[in-house]
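return a 3D structure for these sequence lines:
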Amino acid sequence: MAEAGKPAYKRVLLKISGEALADRTSGYGIGTDVLRVVAGEIADINKLGVEMAVVVGGGNIWRGAQ
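Next up is the predicted model:
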């Protein structure tokens, strides 16, 4: 258990699906509004001293989904 005010983990791996970053209007591509929110949240976590690795999915590319 972490002390009050300290993160529970020093390092975190965040896996985001490509679909989660999709443009809300068109439903595909990467939405800049969504990306700004996610980037801001990652920056906030970094300010706490947590090292974060981010993996963005690309499963639909590999599977050939339209």
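
and residue 20, how far from residue 53?
17 Å (Cβ to Cβ, to the nearest Å). From N, CA and C alone the C-beta is placed, and that goes for glycine too.

all strands for the protein, in order.
11-16, 51-56 (DSSP state E).

turn those strands into a markdown table, including mean pLDDT and distance to residue 37.
Shown next, in a markdown table, are these (pLDDT from 0 to 100; distance: least, Cβ to Cβ, whole Å):
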| stretch | mean pLDDT | distance to residue 37 |
| --- | --- | --- |
| strand 11-16 | 94 | 12 |
| strand 51-56 | 93 | 14 |
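
give me the most central residue, this protein.
residue 16 (4.9 Å; Cα atoms, centre = their mean).

returning to that earlier point: look at residue 20 and residue 53 and report which has more neighbours.
Neighbour totals were compared for residue 20 and residue 53, and residue 20 leads with 12 against 9 (other Cβ atoms under 10 Å).

nearest residue to that one other than its sequence neighbours?
Nearest residue to residue 20 in three dimensions, chain neighbours excluded: residue 34, at 7.6 Å (Cβ to Cβ, 6 or more residues apart in numbering).

columns distance to residue 24 on top of the strands of the chain, output as JSON lines?
Supplementary listing: the strands of the chain in JSON lines, determined by distance: least, Cβ to Cβ, whole Å:
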{"stretch": "strand 11-16", "distance to residue 24": "15"}
{"stretch": "strand 51-56", "distance to residue 24": "17"}
